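Colleague: Any chance you could fold what I've pasted below:
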Amino acid sequence: MPVQTRSERFTSPVHAEHPEVTGREAVWKLSPVEKLRELIDGPLDGSPYEITTTDAAGATVKWVERDHPLVGAAGSPEDRAAANAWTNFEKALHIRLDGDAGALTVTRDGLGSTPRAAHTVISAAQGATGLVVLDNRGDAKLTENLEIVLEADANITVVSVQEWDDTALHLASQFARIGHGARLTHILVSLGGEVVRVNPSTHLAEAGADAELYGLYFADAGQHLEQQVYVNHDAPHTRSRVTYKGALNGEERARSGSATC
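Modeller: Okay, the predicted model is just below:
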């Protein structure tokens, strides 16, 4: 039987367990696959990279090992590119929010032209509040996974900004698990890069979980900006709202693709 719903899709963190990508698959049919081939199947540098952060009293940022208990807590790759990133990352960047954490900005600028894998975990303690801005700039060839884990009654906002240079390639799977009575506001802004494909996947895992997902994208000539948004109401008495808006500019070859389920 063919897969009927998003929740039935095969998941695995192992690259070799995913079928080869042809571009005809539902998850890839909107994407310029050949431009992304090295990120889907090629060798990736999974070593830690340089970041800059602002000060936030209730936030900590550090690199953790692959076997950290929060790695894999929010989701598992649904496609071959995300699995390639998961297979190859060496350490995960862990952003932890406790209490009233305030506002934290984490900036990546200068990843360079080497194909890279990355893994980031944002976790919020019980009752924690705060704002995390992930600011992506410069050149990059990057495939990555982002996990967001909210414990009970946490209320945080995560903003992911893609303002890469014109030649950048970026594939990202962003997973969220929202606990009892917790609330996540997720904001995705894609402006720069040649090909940027960011797929948020949110699980309202426990009663009273709440998610608001907003997206803004502006594609100029020669750009491909794509997002496939998924919200799963796993538990009863949960709520979600999804609003994505975008625009295309240029006489030709500006492309965007969006899907929500």
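
Colleague: Tell me which residue lies nearest the centroid of the protein.
Modeller: Q174 (2.6 Å; C-alpha atoms, centre = their mean).

Colleague: SS state for that residue?
Modeller: Secondary structure assignment for Q174 (DSSP: H, G, I helix; E, B strand; the rest coil): strand.

Colleague: Please name the bridge partners of it.
Modeller: With beta bridges defined as DSSP bridges, Q174 has these partners: L146, P200.

Colleague: What's the per-residue pLDDT of V27 here?
Modeller: With respect to pLDDT, V27 has a value of 90.

Colleague: Over to G222?
Modeller: Per-residue pLDDT puts G222 at 86.

Colleague: same thing with the one 4 residues further on?
Modeller: Model confidence at E226, given as pLDDT, is 95.

Colleague: That one contacts P200, doesn't it?
Modeller: No. Here E226 lies out of contact with P200, judged by C-beta atoms under 8 Å, at a distance of 11.8 Å. Every C-beta, even on glycine, is put in place using the N, C-alpha and C of the backbone.

Colleague: any weak-confidence spans in the stretch 151-261 of the chain?
Modeller: Applying pLDDT under 70 to the stretch 151-261 of the chain flags the ranges 250-261.

Colleague: for it, what spans make up the strands?
Modeller: If DSSP state E, counting those that start in this stretch is used as the criterion, the strands of the stretch 151-261 of the chain fall at 155-164, 169-178, 183-192, 195-204, 210-219, 224-232, 239-248, 255-260.

Colleague: Tabulate the ones you listed in a markdown table, adding columns for distance to L44.
Modeller: Shown next, in a markdown table, are those (distance: least, C-beta to C-beta, whole Å):
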| stretch | distance to L44 |
| --- | --- |
| strand 155-164 | 17 |
| strand 169-178 | 11 |
| strand 183-192 | 21 |
| strand 195-204 | 16 |
| strand 210-219 | 25 |
| strand 224-232 | 20 |
| strand 239-248 | 29 |
| strand 255-260 | 24 |
